[in-house]
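got a predicted structure plus its sequence, pasted below:
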Amino acid sequence: MSPMMPQRRLIRIVFPLLIKPVILLMTMLGIHIFWLRVIILTKGENYNSWKRSMTVALLARNKLKFVNGKITQPDPEDDDYDAWSRCNWMVISWILRVVSSEIGDSIMYLDDASAIWSELHDRFHQYNGPCVFGVKRSMQVLTQGSNIVQEYFTRLKALLDLVQQFRPQPICTCGAMKTIVDYQEQDQVLEFLVGLNDSYSTVHSQLLMQDPLPPINKFYATIIQEERQRGLNFVSTDSMDSSSSSTQFIRSVQSARPKVVCSHCGITGHAINKCYKQHGYPLSHKLHGKGCGSTSHSGKVVVNHFNGSAADKVPNC
């Protein structure tokens, strides 16, 4: 410990009997905002998850030693007895907050937090063999199916973490331990790839060619990137299909319209009241001056400005 460290910070680190005033006040008022992320213990199946989340929460508040037996009850005449008693009852109130009402009734009258911790361990802790078997069985039938990659990976990662919890790694400093850990990480990668849909076979085949294999998080990031790219391609293809469908619809509507045929020249697209051969070509047309109705009997050029209502005023050929 550095001699320059402030005394107040030193007390917070090494003195577990210390309770911050804000935590004490919230505990007295029944405000447990610090325990919102702790799993509620309802039955034996979720005991391991509950113990893990509870351990993290107690360790973060420097109160884990009250349940693991490292801080025992002092003599009632000891100067630290009052501080220990206050912390002990606070930890008990935290435990009662994160268990079901049925379990809480069975441990309500225990006066020691470590005794409650041991009681729950003896009651709900199971031998690791059946637990590992259940997890392995769930992993065997777990596939992506209709789920997105993120949902599939989250469920698989939770099962893999459970296996590591039931089978913790031994503390070893030899080089063989690193090899064992590498093999376990490769097994996790293979478990992830086995449950993926066949549509990603090309991607994970390329990843499996790498030596050594990337960690499972690297595989996950690559598959997620491929999934997003496919989503963009699907949206682009869908937009093109919609545009093509709209074009076809417009063409079908246009083809369904009745065709107008000129009774004078027999050409479709205009009626006789707008027929240039009948009434003469306009000034801007290259055939202006050629055709019926373009000149008068006096030899002067006549420009016919007509509309549909004036067709009967133009002399017929």
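Alright, I've got the coordinates.

tell me the mean pLDDT over the helix or strand hosting Lys136?
Assigned by DSSP states H and E, Lys136 falls within helix 128-141. For helix 128-141, mean pLDDT is 86.

again, but for stretch 60-71
The average of the pLDDT scores along stretch 60-71 is 88.

likewise stretch 84-91?
90.

list the buried residues in it.
Trp84, Cys87, Asn88, Met90, Val91 (16 or more other Cβ atoms under 10 Å). C-betas here are computed from N, CA, C, even on glycine.

JSON lines for the residues you listed, including secondary structure and distance to Pro74?
Output for the buried residues of stretch 84-91, formatted as JSON lines (DSSP: H, G, I helix; E, B strand; the rest coil; distance: Cβ to Cβ, whole Å):
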{"residue": "Trp84", "secondary structure": "helix", "distance to Pro74": "6"}
{"residue": "Cys87", "secondary structure": "helix", "distance to Pro74": "11"}
{"residue": "Asn88", "secondary structure": "helix", "distance to Pro74": "10"}
{"residue": "Met90", "secondary structure": "helix", "distance to Pro74": "16"}
{"residue": "Val91", "secondary structure": "helix", "distance to Pro74": "15"}
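
roughly how far does Cys131 sit from Leu196?
26 Å (Cβ to Cβ, to the nearest Å).

repeat for Arg228
When distance is defined by Cβ to Cβ, Arg228 is 15 Å away from Leu196.

which of the two has more neighbours?
Leu196 (19 against 11; other Cβ atoms under 10 Å).

wait, is the more buried one part of a helix?
No - using DSSP: H, G, I helix; E, B strand; the rest coil, the assignment for Leu196 is coil, not a helix.

excluding chain neighbours, what is closest to it?
Nearest in space to Leu196, with sequence neighbours left out and distances taken as Cβ to Cβ, 6 or more residues apart in numbering, is Gln144 at 5.5 Å.

so what's that neighbour up against?
Tyr152, Gly195, Leu196, Asn197 (Cβ atoms under 8 Å, 6 or more residues apart in numbering).

what about 10 Å?
If a contact means Cβ atoms under 10 Å, 6 or more residues apart in numbering, then Gln144 has 151-153, 155-156, 192, 195-200, 223 as its contacts.

ok but Gln278 is inside a helix, no?
Yes - assessed with three-state DSSP, Gln278 lies in a helix.

isn't it right up against Ile267?
No - in this structure, Gln278 is not within contact of Ile267 by Cβ atoms under 10 Å, at 11.1 Å.

okay, those two: which has more neighbours?
Gln278 (22 against 12).

elements contacting the helix or strand encompassing Asp161?
In the assignment (DSSP H and E), Asp161 maps to helix 149-166. Helices and strands touching helix 149-166, by 3 or more Cβ pairs under 10 Å, 6 or more residues apart in numbering; DSSP states H and E, are helix 47-60, helix 128-141, helix 175-194, helix 216-256.

what's the closest of those helices to Val98?
Among these, helix 47-60 comes nearest to Val98, with 6.6 Å by Cβ to Cβ.

where exactly do the helices run in the stretch 1-150 of the chain?
7-14, 21-29, 47-60, 81-97, 101-107, 113-124, 128-141, 149-166 (DSSP state H, counting those that start in this stretch).

pull out the buried positions in the fifth one.
Burial within helix 101-107, assessed by neighbour count using 16+ other Cβ under 10 Å, is assigned to Ile103, Ile107.

now swap in the third one and tell me
For helix 47-60, burial by neighbour count (16+ other Cβ under 10 Å) applies to Tyr47, Asn48, Ser49, Trp50, Lys51, Ser53, Met54, Ala57, Leu58.

and for Leu159, the neighbour number?
Neighbours of Leu159 under the rule other Cβ under 10 Å: 16.

quick one, what contacts it?
Contacts of Leu159 by Cβ under 10 Å, 6+ apart are Gly134, Val135, Lys136, Arg137, Ser138, Met139, Leu142, Glu191.

ok so, going back, can I get the buried residues of stretch 84-91 in a markdown table with distance to Gln210?
Formatted as a markdown table, the buried residues of stretch 84-91 follow (distance: Cβ to Cβ, whole Å):
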| residue | distance to Gln210 |
| --- | --- |
| Trp84 | 56 |
| Cys87 | 52 |
| Asn88 | 54 |
| Met90 | 52 |
| Val91 | 49 |
